[in-house]
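**Student:** Mind looking at a prediction? Sequence and model below.
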Amino acid sequence: MEFSRPPLVHVKGVPLIKYFAETIGPLQNLTAWPDDLLISTYPKSGTTWMSEIVDMIYQGGKLDKCGRAPIHFRVPFLEFKCPGVPSGLETLEETPAPRLLKTHLPLSLLPQSLLDQKVKVIYIARNAKDVVVSYYNFYNMAKVHPDPGTWDSFLENFMEGKVSYGSWYQHVKEWWELKNTHPVLYLFYEDLKENPKREIKKILEFLGRSLPEETVDFIVHHTSFKKMKENPMTNYTNAPREFMDHSVSPFMRKGTVGDWKNAFTVAQNERFDAHYAKTMKGCEFKFRCEL
Ligand code: PPS
């Protein structure tokens, strides 16, 4: 099936991939379970990486168990829907407790039950410059998105929140705020890249779990970019080609901090920085755009 790159559809003012927009209604009937764990991110911020880390933790570091299915079946993507592929809600029906769930939704579209049940959340934030570069490449290869246009126009749309899931700026801030009232572990892609073992230990503590030191080391090793890129259970190469065309750009593309420097011109960087300073003014946490 060839996707026609349908235009984004707005739900409560949030632009979404057309097929995903169709699930937002039914998704509001989701019954969350108290032992669910939600992995939340703005797109392209390290969701797949965190999903693999947490599944490995849940499976006690056993590789054969993590190889039981591709990552999107092990960690259902709540709002996912695409013709010819099981939806996130369908996958969820087959998922036994304790469940790992994935979403990119802003809080205004999140099923209320997840909040009512005080479901633990691991949120990963990544610096906006690397996100927008990763997102542009993803738009090009995943044809459920509209045509991204030129890099310059995509960058402009990103700054204005006119991309799928809307504003990065609002997303990272509102999920940070949620920490005040809800169990949220807020992590940064750059920290995970810098010292994955330290960050995995934070996750273990948040989950109230412990693992032997050598198992933690094994998880660090197995969830490296290189390992995940060559692992068909994490690299999305088994997704239908009509949905993700890895010959355009692989899903596991670079996995670095600072790749934005290869895409931004000096003028784009200046424009972006000025807009960023205005939009993020007063924000109490900081992003690192290089390590
Ligand atoms: S999605 O489609 O929104 O769920 O994508 P997401 O998984 O959030 O983000 C994809 C980017 O994360 C990179 N990635 C990793 N980086 C470092 N280490 C590991 N193990 C890893 N796994 C995935 C992936 O390459 C995408 O970033 P870019 O910059 O495009 O390479």
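**Tutor:** Everything's here; your move.

**Student:** Pull up the residues of the chain that are close to the ligand.
**Tutor:** With the criterion set to C-beta under 6 Å from any ligand atom, the chain comes near the ligand through 41, 43-49, 130, 134, 137-138, 223-225, 228, 252-255, 259. Glycine gets a C-beta too; all of them are placed from N, C-alpha and C.

**Student:** ok, and the closest non-adjacent residue to D130?
**Tutor:** Using C-beta to C-beta, 6 or more residues apart in numbering and skipping the chain neighbours, the partner closest in space to D130 is W260 (5.2 Å).

**Student:** Show the pLDDT at that neighbour.
**Tutor:** pLDDT, W260: 98.

**Student:** list the helices and strands the strand or helix carrying I219 packs on?
**Tutor:** Assigned by DSSP states H and E, I219 falls within helix 213-222. Where contact means 3 or more C-beta pairs under 8 Å, 6 or more residues apart in numbering; DSSP states H and E, helix 213-222 is packed against helix 47-58, helix 196-207.

**Student:** got the CA positions of that helix in PDB?
**Tutor:** Provided in PDB are the C-alpha atoms of helix 213-222 (Å, rounded to 0.1, in the frame of the first residue of the first chain):
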ATOM      1  CA  GLU A 213      26.000  -4.600  38.200                       C
ATOM      2  CA  GLU A 214      27.000  -6.900  35.300                       C
ATOM      3  CA  THR A 215      23.400  -7.000  34.100                       C
ATOM      4  CA  VAL A 216      23.300  -3.200  34.000                       C
ATOM      5  CA  ASP A 217      26.600  -3.200  32.100                       C
ATOM      6  CA  PHE A 218      25.100  -5.700  29.700                       C
ATOM      7  CA  ILE A 219      22.000  -3.500  29.100                       C
ATOM      8  CA  VAL A 220      24.300  -0.500  28.400                       C
ATOM      9  CA  HIS A 221      26.100  -2.600  25.800                       C
ATOM     10  CA  HIS A 222      23.100  -4.000  24.200                       C
END
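
**Student:** is it fair to say I122 lies in a strand?
**Tutor:** Yes - under DSSP: H, G, I helix; E, B strand; the rest coil, I122 falls within a strand.

**Student:** what mean pLDDT does the helix holding I219 have?
**Tutor:** Computed over helix 213-222, the average pLDDT equals 98.

**Student:** can you list contacts of the helix or strand following that helix?
**Tutor:** Heading C-terminal from helix 213-222, the first helix or strand you meet, by DSSP H and E, is helix 225-230. With contact meaning C-beta atoms under 8 Å, 6 or more residues apart in numbering, helix 225-230 is reached by T48, W49, E52, H221, T234, N235, P250, M252, G255, T256.

**Student:** and the residues of the chain next to the ligand, which are buried?
**Tutor:** Among the residues of the chain next to the ligand, those scoring as buried are 41, 43-49, 130, 134, 137-138, 223, 228, 252-255, 259 (criterion: 16 or more other C-beta atoms under 10 Å).

**Student:** still on that earlier bit, now render the helices and strands packed on helix 213-222 as a markdown table, adding distance to E177 and mean pLDDT.
**Tutor:** Converted to a markdown table, the helices and strands packed on helix 213-222 look like this (distance: least, C-beta to C-beta, whole Å; pLDDT from 0 to 100):
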| stretch | distance to E177 | mean pLDDT |
| --- | --- | --- |
| helix 47-58 | 20 | 98 |
| helix 196-207 | 18 | 98 |
